[in-house]
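>>> Build the 3D model from these lines:
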Amino acid sequence: GEKITRLIEYATNRFLPLILVCASGGARMQEGSLSLMQMAKIASALYDYQSKKKLFYVSILTSPTTGGVTASFGMLGDIIIAEPNAYIAFAGIRVIEQKLNTTVPEGSQTAEYLFHMGQFDLIVPCNLLKD
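Okay, the predicted model is just below:
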């Protein structure tokens with residue numbers, strides 16, 4: 001979290017566009033409150049970057065992008081791009097089904113499903129992203 005925050009601050013101070021490629025298995029949830037606070041620190045730096053400086057942030061979601069990354073900076077991009085067939089979720093299917101006592105529809109945590117629900121702007125294969 002500290003490295004990402006410093007990257008955002010660097011881009012902010014130099015008025016640079018920012019592209020973050022997100023990939024996380026949601027480890028922050030198991031690491032405790034100090035790790036969770038990193039999400040808030042990153043989101044705060046992005047707020048300064050986007051709202052105060054009016055700079056451009058692109059978030060690229062790879063597989064998997066879950067947990068705190070999805071809940072924070074992964075979904076804060078001015079443009080959000082996902083790779084095809086990426087697994088993107090806040091919580092795993094088992095956790096959702098246990099907590100809500102309901103069945104999660106198959107495929108509901110894939111990039112394609114979430115794209116059709118309006119979650120992302122684009123789905124782009126990795127080999128085309130450099131262009």
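>>> Now do the residue sitting furthest away from the middle of the chain against V95, distance only.
Within the chain, the residue lying farthest from the chain centre (CA atoms, centre = their mean) is N101, at 26.2 Å. If you measure N101 against V95 using CB to CB, to the nearest Å, the figure is 12 Å. Yep, even glycine has a C-beta here, placed from its N, CA and C like the rest.
>>> And L55, how close does it get to S108?
In terms of CB to CB, L55 sits 33 Å off from S108.
>>> Between those two, which is the more surrounded one?
Neighbour totals were compared for L55 and S108, and L55 leads with 19 against 12 (other CB atoms under 10 Å).
>>> any idea whether the more buried one is helix, strand or coil?
coil (DSSP: H, G, I helix; E, B strand; the rest coil).
>>> where does the closest residue to it other than its chain neighbours land on pLDDT?
Using CB to CB, 6 or more residues apart in numbering and skipping residues adjacent in sequence, the residue nearest L55 is Y49, 5.2 Å away. Y49 is assigned a pLDDT of 96 by the prediction.
>>> can you count the residues close to Y49?
22.
>>> What values do phi and psi take at it?
phi -60, psi -50 (degrees, to the nearest 10).
>>> Would you mind measuring from it to D78?
From Y49 to D78 the distance is 10 Å (CB to CB).
>>> any common contacting residues for the two?
Common neighbours of Y49 and D78 are listed as Y57 (criterion: CB atoms under 8 Å, 6 or more residues apart in numbering).
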